[in-house]
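Visitor: this one's structure only:
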């Protein structure tokens, strides 16, 4: 008689885990920087606005399953999406979604992707060697 | 008599369960890289904000967008970018809902791009 009850309890617990939505959702801005990476050249063209994201998951809110969300991964994702060199006017937002089975932490970065305009005049030494 | 008590209790609850707090988020010299750019005109101090509402302090509807707050601040003065920027996050609690507001303060400027080579000389 005990076994069916235990099975029912397990079934309810599994149902709650798989069919429940987000218990809590909070987001808050982290900061803004002129450029996400060091500006190696002063001249650039703006390729457009882009957003990058890095995510991590903690099983049962405590045990890390994936590596922690990383700012540089989010930046690289944003830059790669437009095929640029750097991200300017970068705005960072941190977000956490709590589910019954664990917590999802996201880092978003939004900004303008730029490509450096490499001019031969910027490299006089290179010209001399030729 | 009973109505008076209910109204008093309601007013007391509204006063007791309201709260507000502010925390600084960031300080940055400018929003845009100013390498090779010069300030042509300082348009003065400006401020922009964006708000998101939370229900029961758990479910946030939307995200407080710092980018939108910056754009609002720049638009108010019609500048190109912001310099001497500081940002704050303010939480307001009102019974069952709470608000999260991000505020950006800074000086709006118009800039000119000066064409310089790597040694800083004009081309």
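Guide: Yep, it's here. Note that the structure is a prediction, hence the values are computed from the model and not measured. Residues are numbered from 1 along each chain as shown, chains lettered A, B, ... in the order given.

Visitor: which phi and psi does residue B:36 have?
Guide: Backbone geometry at residue B:36, expressed as degrees, to the nearest 10, gives phi 80, psi 10.

Visitor: likewise residue A:31?
Guide: Torsion angles, degrees, to the nearest 10, at residue A:31: phi 170, psi 180.

Visitor: Residue 9 in helix, strand or coil?
Guide: Let's take chain A. Classification of residue A:9 by DSSP: H, G, I helix; E, B strand; the rest coil places it in helix.

Visitor: ok, now how distant is the residue most central in space within chain B from chain A?
Guide: With distances taken as C-alpha atoms, centre = their mean, residue B:103 lies nearest the centre of chain B, 1.5 Å away. From residue B:103 across to chain A, the span is 10 Å (C-beta to the nearest C-beta, to the nearest Å). (Glycine included, C-beta is placed from N, CA and C.)

Visitor: average pLDDT across the top helix by length along chain B?
Guide: Taking DSSP state H as the criterion, chain B has its longest helix at helix B:2-16. If you average the pLDDT over helix B:2-16, you get 80.

Visitor: can you list contacts of that helix?
Guide: Residues from elsewhere that reach helix B:2-16, judged by C-beta atoms under 8 Å, 6 or more residues apart in numbering or on different chains: B:94, B:95.

Visitor: hang on, the earlier thing: run through the neighbouring helices and strands of whichever strand or helix holds the residue nearest to the centre of chain B.
Guide: Taking DSSP states H and E as the criterion, residue B:103 maps to strand B:97-113. Here strand B:97-113 touches strand A:24-35, strand B:37-55, helix B:66-77, strand B:81-94, going by 3 or more C-beta pairs under 8 Å, 6 or more residues apart in numbering or on different chains; DSSP states H and E.

Visitor: Including distance to residue A:106, mean neighbour count and mean pLDDT, could those go into TSV?
Guide: Formatted as TSV, those follow (distance: least, C-beta to C-beta, whole Å; neighbours: other C-beta atoms under 10 Å in any protein chain shown; pLDDT from 0 to 100):
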stretch	distance to residue A:106	mean neighbour count	mean pLDDT
strand A:24-35	8	19	87
strand B:37-55	15	16	89
helix B:66-77	15	20	92
strand B:81-94	18	18	89
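
Visitor: Since that was my last question, I'll sign off now.
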